[in-house]
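[1] Quick check, what structure comes out for this input:
(4 chains)
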2 protein chains.
Amino acid sequence: MARGKKRVTIVDIAKLCGVSAKTVSRVLNGEPHVTDKIRDQVLATAKELKYQPNVVAQGLVSRRSYLIGLIYEKPSPSYVVDLQKGALERLHGERYRLIVLPVESVASDSEAVVKLLQATAVDGVLLAPPASDDSLILTELDELHIPFARISPTRLPEFGPSVAIDDIAAASEIAEHLIGLGHRRIGIIKGDATHAATEARLLGYAQAMARHGIPLNLDFVESGLFSFESGHDAALRLLKRPVRPTAILAQNDDMAAGAIAAARSLGIEVPRDLSVAGFDDSDIARVVWPALTTVRQPVEAMAHQAMDMLLATLAGDAPGPSAVHGHILQLRQSTAAPAST
Amino acid sequence: MARGKKRVTIVDIAKLCGVSAKTVSRVLNGEPHVTDKIRDQVLATAKELKYQPNVVAQGLVSRRSYLIGLIYEKPSPSYVVDLQKGALERLHGERYRLIVLPVESVASDSEAVVKLLQATAVDGVLLAPPASDDSLILTELDELHIPFARISPTRLPEFGPSVAIDDIAAASEIAEHLIGLGHRRIGIIKGDATHAATEARLLGYAQAMARHGIPLNLDFVESGLFSFESGHDAALRLLKRPVRPTAILAQNDDMAAGAIAAARSLGIEVPRDLSVAGFDDSDIARVVWPALTTVRQPVEAMAHQAMDMLLATLAGDAPGPSAVHGHILQLRQSTAAPAST
DNA sequence: TTGTAAGCGTTATCAC
DNA sequence: GTGATAACGCTTACAA
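    Reported below is the predicted structural model:
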């Protein structure tokens, strides 16, 4: 907001047009009961004076801040960017603005997240994981009557509208792909334990394996934090086992990329000696070599729809039922049949 | 902002304490001239009622929105994230909030950027390239008295405080590295022409080459758009020349990663048959194989400092002189001496 | 030390 | 159709 020189207000326009401020307000808001002549005149002077409505003043009357918060926790860059892109896309042309609110750790202090939202005075919130699964946050937001939409929740379906994919099915599908190629010794790199998707994806892997009579060997399950480095380290641990897996399922693409790097550092060739599959189909999947077989999660479209639901709620409409987006298996070069067992 | 149930206001507190709203205001703002007894009482009831000041109402009086905008144009995810991280870091504990404002194309409609900023009613702006070099935007912001800080501008030093690296020197340095390895036929992949850094970095390359008597062969200069794909395509064009370069200087890491992929698709091995160098030292530099030799630009620290300058300006203080951050040559595995010329 | 009145820019209410 | 008037929640200026 410009300080110093005074901004043009509706009163200025009113004076110049010889009408009341209310009439100007009517014109600017497209309300009826104004002569075409006056309407044109007001519109013209508004344009000439480069009038910009004062959102803050509007907000004081309407008891809104026209601010929407986006809560997420240090995820991979491409995920954040897709999230923001989708949210902003839907916001285009709306009066609402997007405030980014990355938080250090939802799990360690969800109370702080709620406080942050209150202090920021947002009209509504988009909750990305793991906040979208945090019952304390959901409960408090409900109590405070702060509308929200949830992105990729995996539980507590009774809380508010949400947009997700079927993590279990998607994970199951990519595991089936590896099994179909002939893999039996499958290593798994889990994501951050505070994200509920971690459990869901593991479950999906397990289901697929169970269908084919492959026991889930806990010795072949390692944990990462959804980052390249953590995936690299976890893969190293897996690949140094006396009997090592012929394939690795990583719970996101960054960790899968790390696994490929780890394999290379050990002289293990992907996909000849080791298949690696990711999850998300983020940018990194096409950047690494070999390009990652992964399962596509339409993050941008999901964020777009979540914002749509939130805006509907803010407008007093029904947000529509929670949506489940489809996932798509992306076959690339990082997976192949095992050499010989 | 919660709707429905009415929010607690200072008037509510005032009534309960039997004092005037002004007194409550004084207490809440830490102003003097209030008895300790009343102060304690007000503070207690405020806490009990979970009072949250209405930022919108405060903003109307102070003629501020307490909103800071961050303008950038579809850069690589890791760059945006670093930018946001640095800006938010500095904002921690401040009353201001960050609004992200990615724009499609600054060059094609800088007027729209200014309008966006006005409509969003930000108190100040952080301008990332190429907006930080756009004279129309800078001029208009000056006229509108909207404070700003510039990130990585390359010209128009008379406009406002800025934080940058010496693009020419950094580019020159990485070119020197290749020349020092023995490369003479050096291909160049420029970035988006609307970014002024593109020209500066090209100049840096040229200077280094000139120092060693190597003419800048325009036939060895291709243009990209700072994206992986554009780098891939540009590299393909370079590598299909009858006489191909022994090294490629890409103006950012994403394009360098694309160049490596292009080389691989042609059966050209990096760094044995081709050296590839990037710029920025973003995440992708360590993810690709071979890891990129590049020059580190401390984006996060730069954004942090730019925000610092902006906050100083908003507080009425001098923002301090424009700063030039140091760059660091990062030697990794993507560059080596040419095989044999 | 405390309170009153006015105003920030806009919209809602209700006369005219 | 149009315009006073009040109100949104807070702070500033001034009075008591």
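[2] from memory A:Gly191 sits against A:Ala197, does it?
    Yes. Using Cβ atoms under 8 Å, A:Gly191 makes contact with A:Ala197 at a distance of 6.9 Å. (C-beta placed from N, C-alpha, C; glycine too.)
[3] got any residues that touch both of the two?
    Common neighbours of A:Gly191 and A:Ala197 (criterion: Cβ atoms under 8 Å, 6 or more residues apart in numbering or on different chains): A:Gln251.
[4] OK, contacts around A:Pro130?
    A:Pro130 is in contact with A:73, A:106-107, A:192, A:194-196, counting by Cβ under 8 Å, 6+ apart.
[5] switch the cut-off to 10 Å
    Taking Cβ atoms under 10 Å, 6 or more residues apart in numbering or on different chains, we find A:Pro130 in contact with A:71-73, A:75, A:103, A:105-107, A:110, A:137, A:152-154, A:192-198.
[6] Going through the residues you listed, which ones are buried?
    Buried members of these, scored by 16 or more other Cβ atoms under 10 Å in any protein chain shown, are A:71-73, A:75, A:103, A:106, A:110, A:137, A:152-154, A:192, A:194-198.
[7] ok, and which of those reach chain B?
    A:Pro75 (Cβ under 10 Å from any Cβ of the partner chain).
[8] What residue, apart from its backbone neighbours, is nearest the closest residue to DNA strand D within the stretch 201-341 of chain A spatially?
    Closest to DNA strand D within the stretch 201-341 of chain A is A:Leu314: 17.6 Å, counting by Cβ to the nearest atom of the strand. Counting by Cβ to Cβ, 6 or more residues apart in numbering or on different chains, A:Gly124 is the residue found nearest to A:Leu314 once chain neighbours are left out, at 5.3 Å.
[9] Tell me what the one you found is bridged to.
    Judged by DSSP bridges, the bridge partners of A:Gly124 are A:Ile68.
[10] what about A:Leu91, neighbour count?
    Neighbouring residues of A:Leu91 were enumerated by other Cβ atoms under 10 Å in any protein chain shown; the total is 18.
[11] residues in contact with it?
    Contacts of A:Leu91 (Cβ under 10 Å, 6+ apart): A:68, A:97-98, A:304, A:307-308, A:310-311.
[12] Quick check: A:Ala171 touching A:Asp280?
    No. The criterion here is Cβ atoms under 10 Å, and A:Ala171 misses it with A:Asp280 at 11.5 Å.
[13] Touching both of those two, which residues are there?
    Residues within reach of A:Ala171 and of A:Asp280 at once, by Cβ under 10 Å, 6+ apart, are A:251, A:295, A:327.
[14] filter those residues down to the ones near chain B?
    Residues of these in contact with chain B (Cβ under 10 Å from any Cβ): none.
[15] Closest one of the contacts of A:Leu91 to DNA strand C?
    For the contacts of A:Leu91, the closest approach to DNA strand C (Cβ to the nearest atom of the strand) belongs to A:Arg97, at 16.2 Å.
[16] That closest one: neighbour count?
    Other residues near A:Arg97 come to 25 when the count uses other Cβ under 10 Å.
[17] OK, contacts around it?
    For A:Arg97, the contacting residues are A:55, A:65-68, A:88, A:91, A:122-123, B:65, B:67, B:69, B:97, B:99-101, B:119-122, by Cβ under 10 Å, 6+ apart.
[18] how does chain A divide up, domain by domain?
    Under the TED database, the residue ranges defining each domain of chain A are A:10-53, A:63-165+A:299-326, A:167-297.
[19] Straight-line length of stretch A:272-286, end to end?
    Criterion Cα to Cα, to the nearest Å; first-to-last residue distance in stretch A:272-286 is 19 Å.
[20] what is the mean pLDDT for it?
    Average pLDDT, stretch A:272-286: 97.
[21] Now do the buried residues in it.
    For stretch A:272-286, the neighbour count (16+ other Cβ under 10 Å) marks A:273-286 as buried.
[22] cool, stretch A:105-118 as well?
    A:106, A:110, A:113-114, A:117-118.
[23] Can you pick out the ones from the residues you listed that are in strands?
    Using DSSP state E, no member of the buried residues of stretch A:105-118 sits in strands.
[24] Now, of the contacts of A:Leu91, which are buried?
    Buried, going by 16+ other Cβ under 10 Å: A:68, A:97-98, A:304, A:307-308, A:310-311, out of those.
[25] ranges for the strands of the stretch 201-341 of chain A?
    In the stretch 201-341 of chain A, the segments counted as strands under DSSP state E, counting those that start in this stretch are A:221-223, A:247-250, A:275-277, A:294-296, A:323-325, A:328-330.
[26] residues in contact with the fifth one?
    Residues external to strand A:323-325 that are found in contact with it (Cβ under 10 Å, 6+ apart): A:152, A:161-166, A:169, A:296-299, A:301-302, A:305-306, A:308-309.
[27] Write a PyMOL command that selects only the buried members of the contacts of A:Arg97.
    To isolate the buried ones among these in PyMOL, judged by 16+ other Cβ under 10 Å, type:
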select buried, (chain A and resi 55+65+66+67+68+88+91+122+123) or (chain B and resi 65+67+69+97+99+100+101+120+121+122)
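[28] Low-confidence stretches in chain A?
    Within chain A, the stretches with pLDDT under 70 are A:1-5, A:341.
[29] Nearest residue to the middle of it?
    Residue closest to the mean C-alpha point of chain A, counted by Cα atoms, centre = their mean, is A:Leu83 at 4.3 Å.
[30] so that one is in which element?
    Following DSSP states H and E, one finds A:Leu83 within helix A:77-91.
[31] any idea of the angle that helix forms with helix B:77-91?
    Put simply, helix A:77-91 runs at 80 degrees to helix B:77-91, going by axes from the mean of the first three to the mean of the last three Cα atoms, to 10 degrees.
[32] Just the C-alpha atoms of the helix or strand following helix A:77-91, please, in CSV.
    Next in sequence after helix A:77-91, counting helices and strands by DSSP H and E, comes strand A:97-103. The C-alpha trace of strand A:97-103 is given here as CSV (Å, rounded to 0.1, in the frame of the first residue of the first chain):
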residue,chain,number,x,y,z
ARG,A,97,-4.4,-13.5,-1.9
LEU,A,98,-2.1,-16.4,-1.0
ILE,A,99,0.1,-16.3,2.1
VAL,A,100,2.7,-19.0,2.2
LEU,A,101,3.2,-20.5,5.6
PRO,A,102,5.9,-23.2,5.7
VAL,A,103,6.3,-24.7,9.2
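[33] DNA strand C contacts on chain A?
    A:6-7, A:9-11, A:21-22, A:25, A:28-29, A:51, A:53-54, A:57-58, A:60-62 (Cβ under 7 Å from any atom of the strand).
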